[in-house]
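Asks: no sequence on hand, only this structure:
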């Protein structure tokens, strides 16, 4: 029997930061990744629409018989996780709780910053998750709506990127947080710039990388982990947008020379009715 | 509605190392702990008997309406985890998989040592769990049957303890492992001695502490985590053996002045028939 893959979805290339950690921690597993680049960013969209788009991507992955779904996008997690967990019969993992747990474990002064898209910050999900576990935590949130477009256009170190990151974090920097959650899976691609602005004494939490610990745990918990075999592990990438741009960012970020990226039209997604 | 507690069981005081980390990471939760001190150690006993004893403790905790069971004992995990997971309708967590995952993440040279009781080492569960995930890992196992009696008699730093630890680890030390799993929840109480013999370049993995990450994750995953309330969180301790000795070790290890310990007879345990 061929291996069943783990499915990851994101609004674009951000979830690749989760993918990178997943390939490292779970070398025996196969992965399918879909990025909705054509409709990115999700951040400014209304919750109902984000939910609808997330279902489109989910149905695409379900058709490929995935064994676990990772919502590798904070905006989609905030909008759709409870519904997906309830309705799917495979384990579903989001990125907000793992990031929140890691922040609580890391902070010493109980001053935690969270940055994310408008959708994520407005949802209040990080604040809720953190203060639910640690009532005394001070959470300082800042939406950074300009970050995702920078990453999607592969401007990771341009002078514009530096300017945008510096300006976006100016208010948050004054709050003297000791821990900052990168509450959007695109943001680790801007990590050097963010660290530089916040200062090296602030610990950055990569919500996506933390999520992989949860995936690994659940694979064990449900006894679903793959044992090493001679079969080649699949790593397949799909995008609703430009294959070339996706390939450029993905091969550089994942340090892979050969990367298989297929374009999937929105029409094809809309034609799916698995659930 | 009163909070439902998390139940922890161990052959004796070893699981207190899990308890300590649990109280730190999960301050809003209530905990019931039972240590089977009267029948400790479990390590040299046949698997079927360990399984039977583990069921006795489990039934005691189930009667108290726990919401999750932590088998805070490696020997009991090796003997009874699959059966308990299958038969209970609450989440059940063992200590072997979390310790194995942490070892794989930590090792750089792929040379991992595992120490535990006879029962744990003979079961081969650590070797199986580690090599399943990381086929190239070299696992060096060593049973240390003399460690648990040292801990249960509160000899954590005596000259006898030093001699026993040095002699028990002599062979393992030659294997040049870079990571050593403390595959028995009693062993973190001997940590300074073990670290001293192995050398400070060897990273010690506390299987119990790692387990708490899994407990925390599952509480979130199943949406069972407690929110802070004004109710006092319960921390209740039960032992089948001497209350005084248990109290002495527990209050020192957990750094608690007031500790409520109740004696439970084996007859009482045998009279329980929840499952």
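Replies: On my side now, so go ahead. On a predicted model such as this, the values are computed, not experimentally measured, just so you know.
Asks: find the closest residue to chain B in the stretch 51-200 of chain A.
Replies: At 4.2 Å from chain B, residue A:135 is the closest residue in the stretch 51-200 of chain A, using CB to the nearest CB. In this view, the C-beta of every residue, glycine as well, is placed from N, C-alpha and C.
Asks: for that residue, which non-adjacent residue is closest in space?
Replies: residue B:228 (4.2 Å; CB to CB, 6 or more residues apart in numbering or on different chains).
Asks: what does residue A:111 give?
Replies: Computed as CB to CB, 6+ apart, the closest residue to residue A:111 that is not its neighbour in sequence is residue A:177, at 4.6 Å.
Asks: who's in contact with the closest residue to chain B within the stretch 151-275 of chain A?
Replies: Relative to chain B, the nearest point of the stretch 151-275 of chain A is residue A:228 (4.2 Å; CB to the nearest CB). Residues in contact with residue A:228, defined by CB atoms under 8 Å, 6 or more residues apart in numbering or on different chains, are A:27, A:28, B:132, B:135.
Asks: adding neighbour count, distance to residue B:105 and pLDDT, write these out as TSV.
Replies: Shown next, in TSV, are the contacts of residue A:228 (neighbours: other CB atoms under 10 Å in any protein chain shown; distance: CB to CB, whole Å; pLDDT from 0 to 100):
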residue	neighbour count	distance to residue B:105	pLDDT
A:27	14	12	85
A:28	17	15	88
B:132	17	15	88
B:135	12	16	85
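Asks: closest to residue A:173 among those residues?
Replies: residue A:27 (38.4 Å; CB to CB).
Asks: please report the distance of the residue nearest to residue A:64 when sequence neighbours are not counted from residue A:212.
Replies: Nearest residue to residue A:64, sequence neighbours excluded (CB to CB, 6+ apart): residue A:32, at 5.5 Å. Distance of residue A:32 to residue A:212, given as CB to CB, to the nearest Å: 16 Å.
Asks: quick one: is the host helix or strand of residue A:19 near chain B?
Replies: Counting by DSSP states H and E, the element that carries residue A:19 is helix A:16-25. Yes. Counting by CB under 8 Å from any CB of the partner chain, chain B has neighbours in helix A:16-25: residue A:25.
Asks: other SSEs contacting that helix?
Replies: Packed against helix A:16-25 by the contact rule (3 or more CB pairs under 8 Å, 6 or more residues apart in numbering or on different chains; DSSP states H and E) you find strand A:6-10, strand A:31-35, helix A:207-221, helix A:243-254.
Asks: chain B contacts on the stretch 1-150 of chain A?
Replies: A:25, A:27, A:28, A:97, A:98, A:101, A:105, A:129, A:132, A:133, A:134, A:135.
Asks: and the helices and strands packed on helix A:16-25 as JSON lines, adding distance to residue B:62, mean pLDDT and mean neighbour count?
Replies: Converted to JSON lines, the helices and strands packed on helix A:16-25 look like this (distance: least, CB to CB, whole Å; pLDDT from 0 to 100; neighbours: other CB atoms under 10 Å in any protein chain shown):
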{"stretch": "strand A:6-10", "distance to residue B:62": "34", "mean pLDDT": "97", "mean neighbour count": "28"}
{"stretch": "strand A:31-35", "distance to residue B:62": "39", "mean pLDDT": "97", "mean neighbour count": "24"}
{"stretch": "helix A:207-221", "distance to residue B:62": "20", "mean pLDDT": "91", "mean neighbour count": "23"}
{"stretch": "helix A:243-254", "distance to residue B:62": "47", "mean pLDDT": "92", "mean neighbour count": "17"}
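Asks: include distance to residue B:123 when you put the ones you listed into TSV, please.
Replies: Listed next are the helices and strands packed on helix A:16-25 as TSV, based on distance: least, CB to CB, whole Å:
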stretch	distance to residue B:123
strand A:6-10	29
strand A:31-35	32
helix A:207-221	17
helix A:243-254	38
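Asks: for residue B:143, find the nearest of those.
Replies: helix A:207-221 (24.1 Å).
Asks: strands along the stretch 51-200 of chain A, start to end?
Replies: A:68-71, A:92-93, A:111-116, A:138-143, A:179-182 (DSSP state E, counting those that start in this stretch).
Asks: packing partners for the shortest one?
Replies: Contacts of strand A:92-93 with other secondary structure elements, assessed using 3+ CB pairs under 8 Å, 6+ apart, are made with strand A:68-71, helix A:74-87, helix A:207-221.
Asks: residues of the second one that come out buried?
Replies: Just to be clear, that refers to helix A:74-87. Within helix A:74-87, the residues scored as buried using 16 or more other CB atoms under 10 Å in any protein chain shown are A:74, A:75, A:76, A:77, A:78, A:79, A:80, A:81, A:84, A:85.
Asks: correct me if wrong: the first one contacts residue A:115.
Replies: No. Judged on CB atoms under 8 Å, residue A:74 makes no contact with residue A:115 at a distance of 10.0 Å.
Asks: which residues are in contact with each of the two?
Replies: Residues touching both residue A:74 and residue A:115 by CB under 8 Å, 6+ apart: A:183, A:184.
Asks: list the contacts of residue A:195.
Replies: Taking CB under 8 Å, 6+ apart, one finds A:202, A:204 in contact with residue A:195.
Asks: for the longest helix along chain A, packing partners?
Replies: For chain A, the helix that runs over the most residues, judged by DSSP state H, is helix A:47-63. Secondary-structure packing of helix A:47-63 (3+ CB pairs under 8 Å, 6+ apart): strand A:6-10, strand A:31-35, strand A:68-71, helix A:74-87, helix A:118-123, helix A:266-271.
Asks: and the ones you listed: which comes nearest residue B:125?
Replies: strand A:68-71 (23.7 Å).
Asks: that older thread, relative to residue B:21, which of the helices and strands packed on helix A:16-25 is closest?
Replies: Nearest of the helices and strands packed on helix A:16-25 to residue B:21, taken as CB to CB: helix A:207-221 at 15.9 Å.
Asks: what pLDDT, on average, does the next helix-or-strand element following the closest one get?
Replies: Following helix A:207-221 in sequence order, the next helix or strand is strand A:235-239 (DSSP H and E). Averaging pLDDT along strand A:235-239 yields 96.
Asks: what's the angle from strand A:235-239 to strand A:6-10?
Replies: 30 degrees (axes from the mean of the first three to the mean of the last three CA atoms, to 10 degrees).
Asks: ignoring the adjacent residues along the chain, who's closest to residue A:145?
Replies: Nearest non-adjacent residue to residue A:145 (CB to CB, 6+ apart): residue A:118, at 5.3 Å.
Asks: what about the closest residue to residue A:180 other than its chain neighbours, how many neighbours?
Replies: Closest residue to residue A:180 apart from its sequence neighbours, by CB to CB, 6+ apart: residue A:113 at 4.2 Å. Here the number of neighbours of residue A:113 (other CB atoms under 10 Å in any protein chain shown) works out to 28.
Asks: ok so, going back, what score does the residue of the stretch 151-275 of chain A closest to chain B have for pLDDT?
Replies: 72.
Asks: how far away is it from residue B:114?
Replies: Counting by CB to CB, the gap from residue A:228 to residue B:114 is 20 Å.
Asks: one more: residue A:235?
Replies: 32 Å.
Asks: who's more crowded, the two?
Replies: Counted by other CB under 10 Å, residue A:235 and residue B:114 do not tie: residue B:114 has more neighbours, with 31 against 20.
Asks: quick one: residues contacting the more buried one.
Replies: B:103, B:121, B:126, B:127, B:130, B:139, B:140, B:141, B:142, B:180, B:181, B:183.
Asks: hang on, the earlier thing: ok, which of the helices and strands packed on helix A:16-25 comes nearest residue B:220?
Replies: Closest to residue B:220 of the helices and strands packed on helix A:16-25 is helix A:207-221 (CB to CB; 8.6 Å).
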